[in-house]
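> how does the following fold in three dimensions:
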Amino acid sequence: MERKDFEYDVFLSYSKHDAEIVSGLAQRLRDDGINIWIDRMISPGEFIPEKIEQALAQSNILILCLSPFFLKSEWTSFERNSRVFIDPTNKNRRFLPLLLEECTLPDTLKSFKFIDFTTEREQGYTELLSTLYSLLGIDSLRTSLNFSSEIFTVMEKVANKISQLSLKVEEINSKVNTIQERINKIDENNMRETLEILDNKIDYVERIAILQNYEIPNKLDFKTLKDISDQLEGKRILVKLDIDIPLSDDGENPTFHPKYGRACKTLSFLLDQKCIIILLVTQGLSGVDFFEKAILGGLTIHAQRLETLLKVEKPIIILDSLQKLTTYIPEAQNRDIFMLPNLLDISGKEVLVTKSLNRKISKIEIYNNEMVKLLKPHYDIFVLDDFRSTIKPLPSNTGLAYQKESVIGKGLESDISCLEHLIKKCIDFGKKKSQYRVCICGSSRPSDVLIIEALLNARLFDKILLGPIPSLVLYQARELKVNQQIRNELSLLAEYNDEDIEDLVYKTGKILLNSYEKQIVLPVDYIVEKGNNIMTLLVGDLLDNKLHIRGIGEKTVALYEDIINDACLVFHFGMLGNAKEPFIKCTEKIIDSYARTRCETFMAGDHIAGIAQKIGVADKIDHFITGAKTTSFYITGRQLPGFELFVK
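This is a model prediction of the structure:
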């Protein structure tokens with residue numbers, strides 16, 4: 001009888017005392033293509049003797065897992081139930097004795113050669129598998145086909161994925177068997193195409209299984225203004241605002257950046273509640289040039305922009321020192337707005353933590369910070385409306401929230417809502433084969449390869465398009481030769497973010513290239529600067545030590561635009577080049593392409609939001625979120641210590 005005449009290739013007969021080793025053996029045989037029946041397949045409530053007798057009748061080969069326990073407790077039952085295998089000489093090779101442990105064999109088995117599984121188990125398994133393949137008529141592809149090693153490498157990758165999938169993958173096995181039956185009829189090109197189709201189907205099943213269990217923090221866990229709306233009238237509200245805005249082209253006046261509208265959501269709500277508002281704002285964090293010519297210069301511009309948007313009757317009062325709070329606050333009336341000096345000018349500890357120097361700041365230092373102690377007597381409620389700062393436990397959020405009624409602002413609440421919506425869309429679209437989700441990782445941080453790994457592991461995106469810095473990390477992992485200047489810059493940037501460049505390149509980078517090569521899109525050319533000369537070079541031409549990479553090149557821009565055009569969703573964080581002319585053009589072109597697509601767009605980061613406003617496509621972008629790095633941390637489940645005191 002042939003293999004196809006039986007439902008199972010092998011029936012495993014064993015003692016319960018040997019269950020652990022036999023379970024491992026069964027799984028390994030399954031992984032190697034053998035269809036196994038084992039008594040664990042009997043469902044609760046089924047009549048055990050009947051199911052065993054049926055399985056024996058439907059099994060091609062019986063493997064006797066021999067041990068002292070088996071011979072003591074199972075042998076008599078086995079002889080009674082295995083009439084179908086009666087064959088005094090085992091002429092048809094219907095059973096195989098497998099010796100798990102030294103024991104005295106019964107007379108009926110002494111004449112048969114057994115497979116020794118007592119000591120050299122790897123050798124014994126090889127003999128067992130080879131015997132089963134021979135008896136079942138399973139031919140090795142490597143001996144029966146003359147394909148290239150590359151094809152077999154691809155096939156092995158597919159086989160490894162199949163072994164790791166959940167029950168749903170078993171539905172694909174029938175298709176795999178059909179493909180195997182047709183292998184001799186197809187040529188090598190067709191084989192590549194077939195395997196790619198199979199690989200895509202397996203990836204889709206994996207994606208569904210992972211996305212169904214993906215979770216992110218929920219904004220309902222945070223205390224919000226709505227929760228304390230009945231306590232606000234007449235109260236002194238200290239608001240930490242994020243209006244740290246990049247310079248405009250003229251070097252002085254920031255444009256009407258989306259951050260202003262975001263800030264007004266909180267301020268309008270507080271004005272309606274008849275509060276006294278004290279604003280703590282920042283201009284000039286890392287990555288953004290200092291705006292002020294003097295301490296108050298930038299704040300004056302910010303105050304004017306907010307007054308215009310809020311349409312307030314009384315101007316915002318700018319204080320040039322914290323000490324003036326003692327003079328102004330006791331006389332303040334409802335709906336008065338005060339703006340404190342620039343945060344970075346009044347809190348040295350703030351700069352220390354923001355710059356990520358190699359020193360951890362303690363909670364005692366945060367709570368006893370001089371700025372915190374000066375401000376504490378002058379406000380009743382603290383409102384955090386600065387998403388970007390939550391990446392660290394800063395004095396200006398954790399310190400000011402300590403022992404005070406503290407909530408998150410409307411702008412921050414909006415950021416979190418956008419991110420929840422982004423994740424929901426990624427999950428919904430991910431369950432549809434026809435939908436195409438794209439993430440654009442600009443960034444100036446080599447460590448963002450860790451974010452990319454987390455996003456791909458979570459199956460949130462189908463393609464990730466990389467900007468200069470993270471792409472160079474992966475090119476290093478691919479052993480592309482670049483100049484020493486570029487290698488030094490990558491190392492310094494990694495160190496600045498408390499990461500080791502060697503780990504990023506040779507651990508994370510290698511993993512990404514091996515596991516997600518199809519999902520990651522790297523630049524094919526870069527804009528570079530050499531002295532006063534600006535040129536575009538292909539990725540293989542970066543050996544000159546005087547070269548500085550400033551952005552992605554024109555061919556890369558065209559490549560990325562084509563991918564974006566086919567997307568149903570785009571999430572963009574970080575610049576794709578330097579923020580100065582002419583290097584900023586590459587980022588402008590990519591952002592401009594969003595206005596010509598029908599996909600839903602999410603943008604995180606101050607510079608790219610400003611660019612969208614500048615080139616006139618801000619109204620075409622569906623969602624803006626502040627803080628590119630904080631956003632990437634949030635959606636990948638990293639802890640944001642700045643939120644610690646704002647959870648219900």
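> where does pLDDT dip in the stretch 351-500 of the chain?
Residues of the stretch 351-500 of the chain that meet the criterion pLDDT under 70 lie in 351-368, 433-434.
> can you check the chain too?
If you take pLDDT under 70 as the line, the chain has these spans: 1, 74-93, 139-220, 246-256, 284-298, 344-368, 433-434.
> what about the most centrally placed residue in it, distance to Tyr560?
By C-alpha atoms, centre = their mean, the mean C-alpha position of the chain lies nearest to Leu455, the distance being 1.8 Å. With the distance defined as C-beta to C-beta, to the nearest Å, Leu455 ends up 17 Å from Tyr560. The way it works is simple: take the backbone N, C-alpha and C, and place the C-beta from them, glycine included.
> and Ser130, by the same measure?
Where Tyr560 is concerned, Ser130 sits at a distance of 51 Å (C-beta to C-beta).
> any idea which helix or strand carries the residue nearest to the centre of the chain?
Element membership for Leu455 (DSSP states H and E) is helix 448-457.
> can you list the buried residues in that helix?
By neighbour count with 16 or more other C-beta atoms under 10 Å, helix 448-457 contains the buried residues 448-456.
> can I get these in JSON lines including distance to Asp503?
As requested, these are exported to JSON lines (distance: C-beta to C-beta, whole Å):
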{"residue": "Asp448", "distance to Asp503": "14"}
{"residue": "Val449", "distance to Asp503": "10"}
{"residue": "Leu450", "distance to Asp503": "10"}
{"residue": "Ile451", "distance to Asp503": "15"}
{"residue": "Ile452", "distance to Asp503": "15"}
{"residue": "Glu453", "distance to Asp503": "12"}
{"residue": "Ala454", "distance to Asp503": "15"}
{"residue": "Leu455", "distance to Asp503": "19"}
{"residue": "Leu456", "distance to Asp503": "18"}
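> closest to Asn545 out of those?
The shortest gap between Asn545 and any of the buried residues of helix 448-457 belongs to Val449, at 24.3 Å (C-beta to C-beta).
> contacts only, for the closest one.
Residues in contact with Val449 (C-beta atoms under 8 Å, 6 or more residues apart in numbering) are 470, 473-474, 504, 508-509, 512.
> most neighbours among these, which one?
Taking other C-beta atoms under 10 Å as the neighbour criterion, Pro470 ranks highest of those with 29 neighbours.
> out of the buried residues of helix 448-457, what pair is the most spread apart?
Counting by C-beta to C-beta, the most remote pair of the buried residues of helix 448-457 is Asp448 and Leu456, 12.4 Å apart.
> ok, residues contacting the host helix or strand of Pro97?
Applying DSSP H and E as the criterion places Pro97 in strand 95-99. For strand 95-99, contacts defined as C-beta under 8 Å, 6+ apart pick out 61-67, 85, 105, 109, 112-118, 124, 128, 131-132.
> next helix or strand past it?
Once the chain leaves strand 95-99, the next helix or strand it forms, by DSSP H and E, is helix 107-110.
> only C-alpha atoms, please: export that next one in CSV.
These are the backbone C-alpha positions of helix 107-110, laid out as CSV (Å, rounded to 0.1, in the frame of the first residue of the first chain):
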residue,chain,number,x,y,z
ASP,A,107,11.0,-12.7,22.5
THR,A,108,8.7,-11.3,19.7
LEU,A,109,11.1,-8.4,19.2
LYS,A,110,14.5,-9.9,19.8
